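> Everything below, folded, please.
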Amino acid sequence: MDKLSIDFQKQFSDKLIFDRSVLDCVDPTAKLHDEALRHPLSSAGACLNVLGSLGSDKDTLKAYLNSFGFGITKVFDFPTGADVGGQVYNDRGCVVFEWIGPRESPINEKGGGRGLNKTSIDAYVIAEIDGKVTQLLIEWKFTEGASRPIALNKFAGLRGIERVRRYSSVLAEMRGPDFPFAFTEEGGLSIQDFSTDHLYQLLRMTLLARKTTPLDVGSLHIEDYRIAHLSHSDNPKINVIQPEYAKNCPGLQGMVGKDFHEVWTTLLAPDERHKFIAAYWDQGISAIMNSELRDYLQARYA
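Residues are numbered from 1 along each chain as shown. Got it, this is the predicted structure:
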């Protein structure tokens, strides 16, 4: 049976979260997705089940993430109570959910907060990679596209006008030899090519990572970053460029049917590509050492 279907997942309705104590590690001011604790198909719930359950086990978290090629040598405990540009994070463990960086958005987003009307990272981890303290910004996908439609043009309509103004001004500030995307001076790739929702999310994540590196988080000085897109291997609506995704994106013409992760890499500037990590999160479950947790995750997701 399709593990991304509601018919399969509803058998876990009496235990949607493997270890509810993970919720005690989340700052109560962070707004978790409404469906995380009540809907079997929730991506946020799946992320809590995997990364949340590993949040107090640095060795297993490192092994799990390294199965995707992160190259982590050390995972740090998050500095509970850290004041990051006026935003205080009272989270505990090694994984922070709904991370936004400083209180005042460095990418021109007005209002909102953690998990509400602001770019909020599904899971945030601080680790050592290549000898540098590195922030990991992780986007987690489960059944999006299969269980609900993907938004196809985030830059359309009146809200779209505001989004173009907001993020294009950040891009303009970055113009130079270290620009993160494969734009040319004239023609070619444009901001419109990031208008399909999961491309739009990665655009914002990349901008947020660039604008917050370097960064002091408590006693930790962030020197580098990685952007990770972890999706489920059985979800072609996320993992493959669909015809409708290219409809409003001239730069994606000719890429229909190609692997989403490979396409995203081509949209990045060459020097940016090593900072992007793409994998299928269900395929790393076997690296989890806790047998009870591993058995639950394999039965439900793998």
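> Name the helix or strand of this structure that has the lowest mean pLDDT.
Lowest on mean pLDDT, DSSP states H and E among the helices and strands of the chain sits helix 243-246, with a mean of 94.
> What lies in contact with whatever helix or strand comes next after that one?
The C-terminal neighbour of helix 243-246 among helices and strands, as given by DSSP states H and E, is helix 260-267. Contacts with helix 260-267, where a contact means CB atoms under 8 Å, 6 or more residues apart in numbering, come from 181-182, 189, 193-194, 198-199, 202, 229, 231, 238-241, 251-252, 255, 273, 276, 278. Every residue, glycine included, has its C-beta placed from N, CA and C.
> And these, which of them are buried?
181-182, 189, 193-194, 198-199, 202, 229, 231, 238-241, 251-252, 255, 276, 278 (16 or more other CB atoms under 10 Å).
> just to revisit the earlier point, mind checking which of the contacts of helix 260-267 land in strands?
229, 231, 276, 278 (DSSP state E).
> Taking those together, which two end up most distant?
231 and 276 (13.3 Å; CB to CB).
> Without its sequence neighbours, what residue ends up closest to the residue nearest to the spatial centre of the chain?
For the chain, residue 139 is the residue whose C-alpha lies nearest the centre (CA atoms, centre = their mean; 1.4 Å). Among residues not flanking residue 139 along the chain, residue 229 sits closest, at 5.0 Å (CB to CB, 6 or more residues apart in numbering).
> Now do residue 258 against residue 236, distance only.
12 Å (CB to CB, to the nearest Å).
> before we move on, what about residue 77?
Taking CB to CB, one finds residue 77 at 38 Å from residue 236.
> Can you tell me who the closest residue to residue 233 other than its chain neighbours pairs with across the strands?
Take residue 233 and drop its neighbours on the chain: the residue closest to it by CB to CB, 6+ apart is residue 280, 3.7 Å away. Per DSSP bridges, the residues bridged to residue 280 are residue 231.
> So which elements touch the longest helix seen in the chain?
Looking across the chain with DSSP state H, the single longest helix is helix 157-174. Counting contacts by 3 or more CB pairs under 8 Å, 6 or more residues apart in numbering; DSSP states H and E, helix 157-174 packs against helix 197-211.
> Residues contacting the helix it packs on, please?
With CB under 8 Å, 6+ apart as the test, helix 197-211 has contacts from 100-101, 106-107, 119, 121, 135, 137, 139, 141, 144, 150-152, 154, 167, 170-171, 174, 180-181, 191, 193-194, 225, 227, 229, 238, 245, 249, 260, 264, 267-268, 272, 275.
> quick one: it to helix 260-267, angle?
50 degrees (axes from the mean of the first three to the mean of the last three CA atoms, to 10 degrees).
> next SSE after helix 197-211?
Per DSSP H and E, the helix or strand that comes after helix 197-211 is strand 215-217.
> centre of the chain versus that following strand, how much separation?
Computed by CA atoms, centre = their mean, to the nearest Å, the chain-centroid distance of strand 215-217 equals 19 Å.
> So which elements touch that strand?
Using 3+ CB pairs under 8 Å, 6+ apart as the test, strand 215-217 ends up in contact with strand 82-84, strand 220-222.
> and residue 71, which of these is closest to it?
strand 220-222 (16.7 Å).
> Quick one: residues contacting the nearest residue to residue 72 once chain neighbours are set aside.
With sequence-adjacent residues excluded and distances taken as CB to CB, 6+ apart, residue 72 is closest to residue 127, at 4.5 Å. By CB under 8 Å, 6+ apart, the residues touching residue 127 are 62, 65, 70, 72, 73, 74, 75, 76, 133, 134, 136.
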